[in-house]
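In: return atomic coordinates for the entry below.
(chains A and B)
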Amino acid sequence: MKIAIENLTKKFGPVFGVNDLSLDIKDGEFVAFLGPSGCGKTTTLLTVAGIYKPTAGTIRFGERIINTVQPRDRNIGMVFQSYALYPHMTVFENIAYPLKLKGVSRQDQHKHVQQVATTMGIAELLERRPGQLSGGQQQRVALGRALVKEPDVLLFDEPLSNLDARLRLSMRGEIKQLQNRLGITSIYVTHDQVEALTMADRIAVISKGKLQAFDAPEDLYDRPKTLFIAEFIGNPPMNFATAEISGDKGSLTAQIGSLTLELPSKYAEKVARGQAIVGIRPEDITLVESDGVVGNVFVVEPLGREDMLDVRIGDQSFLILADPELHIKAGDNVSLRFNTEELQLFDPQTEKSLLWN
Amino acid sequence: MTTAAIPQPDAQSSDELFNFRTISRAFRSGLIVALVLGALAVVLQVVLHPLIASANVEENVTTVLGDALISLLPVFAYLACGSSARAAAPRRLLRAVIAALIAASVLYVGITAVESVLKLGAFQPRQSLQITLSQTDEGVLVEAVEAGGAADQAGILPGDVITAIRRDPITLDTLQKTIATSQVDDPLRFRIQRNGEEQLITARVGEGTSVQTSALVNNYVIALIAACFAIFFPRSWVAYVVLLLSLAPLIIGYLWLLIATFSARTHGLLPLDAQDNVGGLTLANWRFLVDPLGKGQSVWTITLNTLIVAIVMTVMVILVASMAGYALSRMNFFGRRIFLSFTLILHGFPAVTLLISIFFVLNFLGKIPIIGDIFGYNTLGGIALVMVAFELPLGIWLMKGFFDGVSWDMERSALIDGATRWRAFWEIILPQIRPGILALGIFAFISGWNAYLIPQTFSIGTNTATLSVFLRQFIGDTAPTDWNQVAAVGIFQLIPVLLLFVFAQEYLLNIYAGGLKGSS
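Out: Okay, the predicted model is just below:
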């Protein structure tokens, strides 16, 4: 099922929940809505589900405008952060509830529920009540309930936020694999960029009710179109610095305080002289034995697999990643090499990328 | 090395029986208790009592309570001494006993000093003739007379023999009792034998200021016993004792109610028969269960009436309140906030003020065919309808609170699963607040069962009377009230309420807990 959202606006009184948001979701695509809390991603999802009616704009499932269609007539399945299981019903009754409402015969209910429960690996829990299940099991039941009526669209509202880290990792893979196999168009709301980056075919980054970008994960990461996306995507976050671009065509340099970076020649077409914001990801700054730019280590944060260093060059601070084996301590001087091929440049006024528009 | 670092309290003084710290702690506790109780008594008698009296309200609760506090104060203080001593020396009983005794003694001196200043307890002035008496065969012999005292002023001389007060013969015992119970300045007319002649002498009772040494000794013994007793009395029982003491009026009240229903008359908690002898147990008060009483009503018809009112009320309140509560909790509509505030105001509205207008409404309803026969004036339906109206504000607010506690996600999930809003309400949301519905139902039932004002006002005659109205008939304005009969009917009415409370208090507590969270 193709979903088209056109100029969607949802207002709560004078407050904008979603503001003029448009995006097209292809049939069978897995789309993540990514954004900070309260950015309007859940509002968009609930409008797609039919819980909220749009203030303006249209939502189409296929060619059909479904703005005023009741949730029960949209043939969707939804998984909530709180699981939203019905505590007074057994697991079987929970999963069978959508079928019961559809008027499916008792026999077929049994058959379908059994099938879904087997897929989800909860076949032996059918007689239990939700209160007797662990968080992960409850989430499987919720997923089973969403899948049992074979929906055209699957909606996920931060389904993994209440699980512990290890379980989240395995459920992530399971959901992705399930969606791949069933080919159901899915929208996945999350504030966790790792979830979005690993699971989604495309990510819609939403901030303050507006769509900031709608792109494949690698595009968002490697070719951020705005400063916001560059800041938001990636952990540890990208380093930013205000730079003065100077030099001739073909040999442009960016001056950041005392630090001079030579820009690759491929940027010559797009970049003009003057002020720009330079962005560089921590993994694009490497430690070298010698011959690099010298910086002073301000803070060392051990992350386990690597250490995160806050290195100061003049007044400018850069986050870089280092091998813990090097035993770098705060106060040490280190020598750095910048991989300028991956440098990002943004217009300080419009905050748009100078490279990818 | 590590064990040496652990501080060992009382390490050096472990062998001493006489430990100053223990004593001072015991004394401090006693002092605090004494001061607190004393302050309380002062507040009651010096502040509260004049305040209430200034409002022209006659009461003696404050004075009685104050007196009780003052007389019990020393005992409580000594008990605190002992209890604290035990706590200060938990494993050394003898030291605790010694500390308690010493602290109690010091406290006793202090309390006695205060009593002597305030003229309380043993120092309280009491009615006296300032005279020394002894019992002889002829009567009461006056052995000595205090110069300038009451007897001296009246002209009683040593050697006189008092034989009677007026014409009532006396003994030493009855004389002392008479003196003690009379007021100061009351005249007592003695018949006195002086040198073989009978004389009539009137003496006015005066105030003796002599200290009662026996009371002082008694008090000291009490102090020592109380302090020792507290040492052996488990501290954890204190709470229960205090609770039981404060509950005593309630317990005694219910006990009286129960005893009264099975006796002809009662004196206090004692059942009496017609000759004032203990006994006279009877089932006569329960005859109303079998024989129609008064104006030929069977109690069972009235019970049925009450049951109908209570059940109609329960059903209606649950139905309307749950739906209204849901709408107010979940839907946004014009006037929602105003409606909520108005229901709250209605909840606080005294029913009495609306009685006349409700009468007109019911009277009007009564003229409508069919509906009037069910909900009109002087019908059970009408009574139930009015009661429901008064119960609804509370019910709606309670239900709204319970619905507020159910997560939105559950309802959304039901809608997405394919339910209509109505079905989601019945099948998904309502089961979540079942404890609340049960609680409200019990609440409504009890208030319907116990209702008095509305049934009394809107039912005349006997067909629509409820138990409370029935009960009221026993308290006549002209004939003397048979309170034992009232008690029996009262207990009869109480039984279902008690049963409900016993079996459903778990749910009733929900009302005060204020809703449940969406579980899981």
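In: quick one: A:Leu319 and A:Glu306 touch, right?
Out: No - A:Leu319 lies out of contact with A:Glu306 (C-beta atoms under 8 Å); the separation is 11.4 Å. Glycine gets a C-beta too; all of them are placed from N, C-alpha and C.
In: tell me which residue lies farthest from the centre of chain A.
Out: A:Gln107 (40.7 Å; C-alpha atoms, centre = their mean).
In: can you give me the buried ones in the helix or strand containing that one?
Out: Here A:Gln107 sits within helix A:106-120, counting by DSSP states H and E. Across helix A:106-120, burial judged by 16 or more other C-beta atoms under 10 Å in any protein chain shown covers A:Gln109, A:His112, A:Val113, A:Val116, A:Ala117, A:Thr119, A:Met120.
In: for the residue nearest to B:Gln130 when sequence neighbours are not counted, what are phi and psi?
Out: In space, and not counting its chain neighbours, B:Gln130 is closest to B:Gly149: 2.6 Å by C-beta to C-beta, 6 or more residues apart in numbering or on different chains. Phi and psi for B:Gly149, reported as degrees, to the nearest 10, are phi -80, psi -180.
In: so which residues of the stretch 51-200 of chain A form helices?
Out: A:91-102, A:106-120, A:135-147, A:165-182, A:193-199 (DSSP state H, counting those that start in this stretch).
In: including distance to B:Ser468, could these go into TSV?
Out: Below are these laid out as TSV (distance: least, C-beta to C-beta, whole Å):
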stretch	distance to B:Ser468
helix A:91-102	45
helix A:106-120	51
helix A:135-147	51
helix A:165-182	60
helix A:193-199	65
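In: chain B against chain A: which residues are in contact?
Out: Counting by C-beta under 8 Å from any C-beta of the partner chain, the residues of chain B close to chain A are B:407, B:409-410, B:412-420, B:423, B:428, B:431-432, B:434, B:518-520.
In: just the buried residues out of the residues you listed, in ChimeraX syntax.
Out: A single ChimeraX command selects the buried members of the residues of chain B next to chain A (16+ other C-beta under 10 Å):
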select /B:407,409,410,412,413,414,415,416,417,418,419,428,432,518,520
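In: mind listing which of the residues of chain B next to chain A are in strands?
Out: Of the residues of chain B next to chain A, none are assigned to strands by DSSP state E.
In: among the residues of chain B next to chain A, name the ones in helices.
Out: Secondary structure from DSSP state H places B:Asp409, B:Met410, B:Arg412, B:Ser413, B:Ala414, B:Leu415, B:Ile416, B:Asp417, B:Arg423, B:Pro431, B:Gln432, B:Arg434 of the residues of chain B next to chain A in helices.
In: what's the pLDDT at the closest residue to chain B within the stretch 251-357 of chain A?
Out: Closest approach between the stretch 251-357 of chain A and chain B, counting by C-beta to the nearest C-beta: A:Pro302, at 33.1 Å. Listed pLDDT for A:Pro302 reads 91.
In: on that earlier part again, with pLDDT added, can I get the buried residues of helix A:106-120 in JSON lines?
Out: Below are the buried residues of helix A:106-120 laid out as JSON lines (pLDDT from 0 to 100):
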{"residue": "A:Gln109", "pLDDT": "94"}
{"residue": "A:His112", "pLDDT": "93"}
{"residue": "A:Val113", "pLDDT": "95"}
{"residue": "A:Val116", "pLDDT": "92"}
{"residue": "A:Ala117", "pLDDT": "93"}
{"residue": "A:Thr119", "pLDDT": "89"}
{"residue": "A:Met120", "pLDDT": "89"}
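In: hey, where'd the helices end up in the stretch 201-350 of chain A?
Out: A:217-222, A:227-232.
In: cool, and the stretch 301-450 of chain B?
Out: B:336-348, B:355-367, B:371-375, B:380-404, B:408-417, B:421-423, B:430-432, B:434-450.
In: going by mean pLDDT, which of these comes out lowest?
Out: Among those, helix B:371-375 scores lowest, with a mean of 84.
In: buried ones in that one, by neighbour count?
Out: Neighbour counts over helix B:371-375 (16+ other C-beta under 10 Å) mark B:Gly372, B:Phe375 as buried.
In: contacts for that helix next, please.
Out: Defining contact as C-beta atoms under 8 Å, 6 or more residues apart in numbering or on different chains, one finds that helix B:371-375 is touched by B:Leu362, B:Leu365, B:Gly366, B:Thr379, B:Gly381, B:Gly382, B:Leu385.
In: which outside residues touch stretch A:275-285?
Out: By C-beta under 8 Å, 6+ apart, stretch A:275-285 touches A:224, A:227, A:230, A:234, A:236, A:238-245, A:254, A:256, A:261, A:308, A:318-321, A:336-339, A:342-348, A:351, A:354.
In: quick one: contacts for B:Val114?
Out: B:Leu120.
In: not counting sequence-adjacent ones, nearest residue to B:Leu175?
Out: The shortest distance from B:Leu175 to any non-neighbouring residue, by C-beta to C-beta, 6+ apart, is to B:Val140 (5.6 Å).
In: retrieve the pLDDT associated with the one you found.
Out: Listed pLDDT for B:Val140 reads 82.
In: so where's the stretch 201-350 of chain A uncertain?
Out: Scanning the stretch 201-350 of chain A for pLDDT under 70 picks out A:249.
In: how about the residues of the stretch 151-300 of chain A by chain B?
Out: Counting by C-beta under 8 Å from any C-beta, the stretch 151-300 of chain A sits next to chain B at A:Leu155, A:Asp157.
In: kindly recompute the last result at 10 Å.
Out: Within reach of chain B by C-beta under 10 Å from any C-beta of the partner chain, the stretch 151-300 of chain A has these residues: A:Pro151, A:Leu155, A:Asp157.
In: give me the neighbour count for the spatially closest residue to the residue of the stretch 251-357 of chain A closest to chain B that is not a sequence neighbour.
Out: Take A:Pro302 and drop its neighbours on the chain: the residue closest to it by C-beta to C-beta, 6+ apart is A:Pro324, 6.4 Å away. By the measure other C-beta atoms under 10 Å in any protein chain shown, the count of residues near A:Pro324 is 13.
In: against A:Asp307, how distant is A:Pro324?
Out: 5 Å (C-beta to C-beta, to the nearest Å).
In: and for B:Ala451?
Out: Distance, B:Ala451 to A:Asp307, using C-beta to C-beta: 76 Å.
In: picking up where we left off before, looking at the contacts of helix B:371-375, which one is closest to chain A?
Out: Of all those, chain A sits closest to B:Leu385, with 32.8 Å by C-beta to the nearest C-beta.
In: go ahead and confirm the closest one touches B:Val317.
Out: No - using C-beta atoms under 10 Å, B:Leu385 is not in contact with B:Val317; the gap is 11.3 Å.
In: what is the neighbour count of the residue of the stretch 251-357 of chain A closest to chain B?
Out: Neighbour count of A:Pro302, defined by other C-beta under 10 Å: 9.
In: ok, it touching A:Met308?
Out: Yes - assessed by C-beta under 10 Å, A:Pro302 is found in contact with A:Met308 at 7.9 Å.
In: give me the phi and psi for the residue of the stretch 251-400 of chain B found nearest chain A.
Out: Nearest to chain A, among the residues of the stretch 251-400 of chain B, is B:Asn332, at 10.0 Å (C-beta to the nearest C-beta). Per-residue torsions, B:Asn332: phi -110, psi 120 (degrees, to the nearest 10).
In: so for it, what's the pLDDT?
Out: On pLDDT, B:Asn332 comes in at 88.
In: good, we can wrap up now.
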